[in-house]
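Asker: fold the following and give me the result.
(chains A and B)
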Number of protein chains: 2
Amino acid sequence: MKRNKKERKKNVVSSAVVRRLPKYHRYLGHIQDSGIVRVSSQELSDITGCTASQIRQDLNNFGGFGQQGYGYNVDSLREEIGKIIGMDKDYEVILIGAGNIGHSLANYQPFEDSGFHIRAIFDANNKIIGTELAGIPILDVRDLAEYLEGHEVDIAVIAIPQQYAQEVCNTCSEGGVRGIWNFAPIDLDVPEGVVLENVHLEESLSTLIYYMGNPEDFRGAK
Amino acid sequence: MKRNKKERKKNVVSSAVVRRLPKYHRYLGHIQDSGIVRVSSQELSDITGCTASQIRQDLNNFGGFGQQGYGYNVDSLREEIGKIIGMDKDYEVILIGAGNIGHSLANYQPFEDSGFHIRAIFDANNKIIGTELAGIPILDVRDLAEYLEGHEVDIAVIAIPQQYAQEVCNTCSEGGVRGIWNFAPIDLDVPEGVVLENVHLEESLSTLIYYMGNPEDFRGAK
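Answerer: Below you'll find the model as predicted:
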């Protein structure tokens, strides 16, 4: 992946906005599929459940793309949001851990389709090292640092037991990986410049269970 | 699962607090494992990265468990938080979708250990209906409504393509399911009294990618 030289001088975009962008992108895909070419922020609001003013404000963070009284062109808005997110680029990915979650991610076609290319899988289990998973070679996790010296890797997916996760995360950061997608139930420390995103399944399930026992606290899903 | 008759008359607990509870529970488990029996909110703060006053405030939502100058007893605080979340109960679970994500969830032992019992898996693929996955029978999704008439199900995990997810979600709600754990990349509508929690992998990955392109916006992981 090449870094995108941004012209715009911008304020820090809040994480709430960042997390709404993929949602807009997804809904615009549905709208596109149904053959609609133009959409107002009010129509987008009806579909997404965000308010029209929130949508306009969110998009204004990145320059704004609508035209008063005309609305948004669906194709170009979706393309622009995709570019803002970085979906127009390709990413070199490695997966650490060929267990359950690793299996599932290695086989998940939508990721491959969106430029997320898993080039190698690392595991500590001698029985599977040297084999393949979904056509991707499984290598020895003890060779991870060496691999990173010879390969440019954008993203490392960490799907191993928590007790090994920080060490592997450090090896990845030191080896030039700039994005960590963490599935281990642990809060990892990453150095400045490395970006971390967690998928904490246990915490998500716990949240569901809490709300089932306390439905009066539930104000809609995350 | 039996409903817990709560004595406490409480204010609505914000979702930020609800989502911190599993984190506290997890960290207290680590502290327990290292043999520590008493912990101050300051020590908890050092470990969790939340401020001590936030931790005290969060716990005060549920009555508060510490003692000025003494701190918290690790065992009992962890147990209490587990109870608040609802981890002390058992849940009857069905899984809709025996694809990649379904496979991974059916095989994920930590869930079984924490009272989350998957009793049946439903799929539309005739080739696998009648077989088993991780020892759990795979049934025909067309028989889902009938199954729900004869079985009490607490939680349905939805791990099917988005175009079928709302219909299956409706069948579950009508069949008495009170919690939906949704892995399909769609925002589902649930009726009042049914609780929904999403795991949106695509959106998580998009967020990671956005921050990799805009590291100046990154203020720590979710």
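Asker: which residues touch the lowest-mean-pLDDT helix or strand in chain A?
Answerer: Taking mean pLDDT, DSSP states H and E as the measure, the helix or strand of chain A with the lowest value is helix A:109-113, at a mean of 76. Contact with helix A:109-113 is made by A:105, A:118, B:202, B:205, as judged by Cβ atoms under 8 Å, 6 or more residues apart in numbering or on different chains. C-beta here means a position set from N, CA and C on the backbone, and glycine is covered the same way.
Asker: list the buried residues in that helix.
Answerer: Buried residues in helix A:109-113, counted by 16 or more other Cβ atoms under 10 Å in any protein chain shown: A:F111.
Asker: just to revisit the earlier point, quick one: which of the contacts of helix A:109-113 sit in strands?
Answerer: Mapping the contacts of helix A:109-113 onto strands (DSSP state E) picks out A:I118.
Asker: pLDDT weak spots in chain A?
Answerer: By pLDDT under 70, the weakly predicted segments of chain A are A:1-10.
Asker: please save the CA atoms from the longest helix along chain A in CSV.
Answerer: Under DSSP state H, the helix in chain A containing the largest number of residues is helix A:15-33. Extracted as CSV, the C-alpha positions of helix A:15-33 are listed here (Å, rounded to 0.1, in the frame of the first residue of the first chain):
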residue,chain,number,x,y,z
SER,A,15,-13.9,8.0,16.3
ALA,A,16,-17.7,8.1,16.2
VAL,A,17,-17.5,9.7,12.7
VAL,A,18,-14.8,7.2,11.6
ARG,A,19,-17.0,4.3,12.7
ARG,A,20,-20.0,5.7,10.8
LEU,A,21,-18.1,5.9,7.5
PRO,A,22,-18.2,2.1,6.8
LYS,A,23,-21.9,2.1,7.6
TYR,A,24,-22.6,4.9,5.1
HIS,A,25,-20.4,3.0,2.6
ARG,A,26,-22.4,-0.2,3.2
TYR,A,27,-25.8,1.5,2.9
LEU,A,28,-24.8,3.3,-0.3
GLY,A,29,-23.9,-0.1,-1.7
HIS,A,30,-27.4,-1.3,-1.0
ILE,A,31,-28.8,1.9,-2.6
GLN,A,32,-26.6,1.4,-5.6
ASP,A,33,-27.8,-2.2,-6.0
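Asker: tell me how far A:R119 lies from chain B.
Answerer: As for A:R119, its distance to chain B is 16 Å (criterion: Cβ to the nearest Cβ, to the nearest Å).
Asker: and that residue, how many neighbours does it have?
Answerer: Neighbours of A:R119 under the rule other Cβ atoms under 10 Å in any protein chain shown: 14.
Asker: tell me if I'm right that it and A:H151 touch.
Answerer: Yes. Using Cβ atoms under 8 Å, A:R119 makes contact with A:H151 at a distance of 7.1 Å.
Asker: what residues are shared contacts of those two?
Answerer: Common contacts of A:R119 and A:H151 (Cβ under 8 Å, 6+ apart): A:E92.
Asker: I'd say A:I81 and A:K23 touch.
Answerer: No. Contact criterion Cβ under 8 Å: A:I81 and A:K23 do not qualify, at 9.8 Å.
Asker: who's more crowded, these two?
Answerer: Shown here are A:I81 and A:K23; by other Cβ under 10 Å, A:I81 has more neighbours (23 against 19).
Asker: so the more buried one sits in a helix?
Answerer: Yes. Counting by DSSP: H, G, I helix; E, B strand; the rest coil, A:I81 is part of a helix.
Asker: so how far is chain B from it?
Answerer: From A:I81 across to chain B, the span is 10 Å (Cβ to the nearest Cβ).
Asker: ok, that residue - contacts?
Answerer: For A:I81, the contact set (Cβ under 8 Å, 6+ apart) comprises A:21, A:24-25, A:28.
Asker: look up how far A:L148 lies from the closest residue to it other than its chain neighbours.
Answerer: Once flanking residues are discounted, A:I81 sits nearest to A:H25: 4.8 Å by Cβ to Cβ, 6 or more residues apart in numbering or on different chains. To A:L148, A:H25 is 31 Å away according to Cβ to Cβ, to the nearest Å.
Asker: cool, A:P110 as well?
Answerer: 26 Å.
Asker: which SS class is the residue of chain A most remote from its centre?
Answerer: In chain A, A:G69 marks the outermost C-alpha relative to the chain mean, sitting 33.6 Å out by Cα atoms, centre = their mean. Of the three states, A:G69 takes coil under three-state DSSP.
Asker: for the helix or strand A:A120 falls within, packing partners?
Answerer: A:A120 is part of strand A:116-123, with elements assigned from DSSP states H and E. Strand A:116-123 is packed against strand A:91-96, helix A:100-106, strand A:136-140, helix A:144-150, with contacts defined by 3 or more Cβ pairs under 8 Å, 6 or more residues apart in numbering or on different chains; DSSP states H and E.
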